[in-house]
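Engineer: coordinates only, sequence not included:
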C-alpha cells in the first residue's frame, strides 16, 4: 500500500477515534437515602431518564436508592470528595457543619409550601456560595411534606413528651429533644422500621411520607399534624464532574434539574394529603394538636431560631431578612 494511502488511513482512524471520544458516554452513580418507591426517589429516576433522553445517551445517571451505595450521612462527603459525582441529601442533616444547611429545620419558621418555597429562594444564593467553597453546586431542591409528631400515646403538651425515646436524624431534631426533655436516639431513615419494631425509639417528628415508607403504623398509632417545618432534599453535584461535561450536556442537565424541581414540589404537596389518608387506612389516628401543644412547640421554635441566628451570623441574617420581605 502506498505510503500516502497508509497516512491517509491513519489520519482517518485518528479522526474517527477523536470523534468517538467526543461522543463517549459519561456514567454517573447517584446515591440516595430513601426507598425506590418514595416520591423523592421516583422523581430522581424521572430526572435521570430525562437527562439520558436530552443528551442522547451521553450522560447516564444510575440512581442507587435506600442508602445502598452510601449511608445517608455519608452521601455529601462522597460527592464533595468525588467518590460520587452527584447525590441526594437532606440539607438539614448538615447544620452542625454550617448553620445555613439547617434553616428549613427550624420549627414554625416556614410551615406551608408557599412559605417553604420563599425560604428556599432566600437560602439559595447563600447555599450556592457555601457549596461552591466545598467544590459542589446545587442542582435542585424538593421539600418533604410538613412535619408532625409520631408518638405511642396521646399528648396535650410538651410536658407529656418528657422522657420519650425520640428519633433524632438531624441537629434540629436532636435540639428539639433536648428542649422538650426527650431522650434523643440517632436513627437514619433506612434503619427506622427496625428501631420502631424493637422499641429503640418510640416517638419522632417527620412527614406522612416517612411514616408510610417505614410502616410506622405497625408500631405507633398517633400522628399529630403540627405542620412544623418542611425540610428539603438537595441534589448536589461535584463541580469538577460538572465542569468535565461539554456545554450542551451541562445545559441539558440544568434544564432537567429545573423540571425535576418544579415536578417535585408539586408532587410533594399532592402526596401530603395522600399520605395522611394512607396512614389512616393503616389504622393510624391523625390528630389535631391542642392549642397548648402548638404554643409549646412555637416556643421551642423561637428558641431555636434565636440560637440559629447567633450561629449563622451575617449569612443567616441575609437569609431571614430576604425570607421576611
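Structural biologist: Nice, thanks for sending it over. Quick caveat: nothing in here was measured; it's all calculated off a predicted structure.
Engineer: spit out the contact partners of the residue positioned nearest the centre of the chain.
Structural biologist: The structure's the chain has its C-alpha centroid closest to residue 233; by CA atoms, centre = their mean the separation is 1.6 Å. Residues in contact with residue 233, defined by CB atoms under 8 Å, 6 or more residues apart in numbering, are 40, 88-91, 141-144. Placement of C-beta: from N, CA and C, glycine included.
Engineer: again, 7 Å this time
Structural biologist: Contacts here follow CB atoms under 7 Å, 6 or more residues apart in numbering; on that basis residue 233 touches 40, 88-90, 141-142.
Engineer: where does this protein have low pLDDT?
Structural biologist: Where the chain drops to pLDDT under 70, the residues are 1-23.
Engineer: and the strands in it?
Structural biologist: Applying DSSP state E to the chain gives strands spanning 26-31, 59-64, 86-90, 136-143, 148-151, 165-168, 183-186, 203-206, 222-224, 232-238, 285-287.
Engineer: of the ones you listed, which is nearest residue 74?
Structural biologist: Residue 74 lies closest to strand 26-31 among those, at 8.2 Å (CB to CB).
Engineer: direction included, what does that closest one pair up with?
Structural biologist: As defined by DSSP bridges, the strand partners of strand 26-31 come to strand 59-64 (parallel).
Engineer: centre of the chain versus the partner strand, how much separation?
Structural biologist: Relative to its parent chain, strand 59-64 has a centroid offset of 18 Å by CA atoms, centre = their mean, to the nearest Å.
Engineer: show me the helices in the stretch 151-300 of the chain, by range?
Structural biologist: 171-180, 192-197, 208-213, 239-243, 247-281, 291-324 (DSSP state H, counting those that start in this stretch).
Engineer: nearest to residue 126, out of those helices?
Structural biologist: helix 291-324 (4.9 Å).
Engineer: got the strands of the chain as JSON lines, with distance to residue 106 columns?
Structural biologist: JSON lines is the format used below for the strands of the chain (distance: least, CB to CB, whole Å):
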{"stretch": "strand 26-31", "distance to residue 106": "27"}
{"stretch": "strand 59-64", "distance to residue 106": "30"}
{"stretch": "strand 86-90", "distance to residue 106": "14"}
{"stretch": "strand 136-143", "distance to residue 106": "14"}
{"stretch": "strand 148-151", "distance to residue 106": "16"}
{"stretch": "strand 165-168", "distance to residue 106": "15"}
{"stretch": "strand 183-186", "distance to residue 106": "17"}
{"stretch": "strand 203-206", "distance to residue 106": "13"}
{"stretch": "strand 222-224", "distance to residue 106": "18"}
{"stretch": "strand 232-238", "distance to residue 106": "13"}
{"stretch": "strand 285-287", "distance to residue 106": "23"}
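Engineer: neighbouring contacts of stretch 68-76?
Structural biologist: 29, 31, 33, 78, 84, 87-90, 93-94, 188-190, 236.
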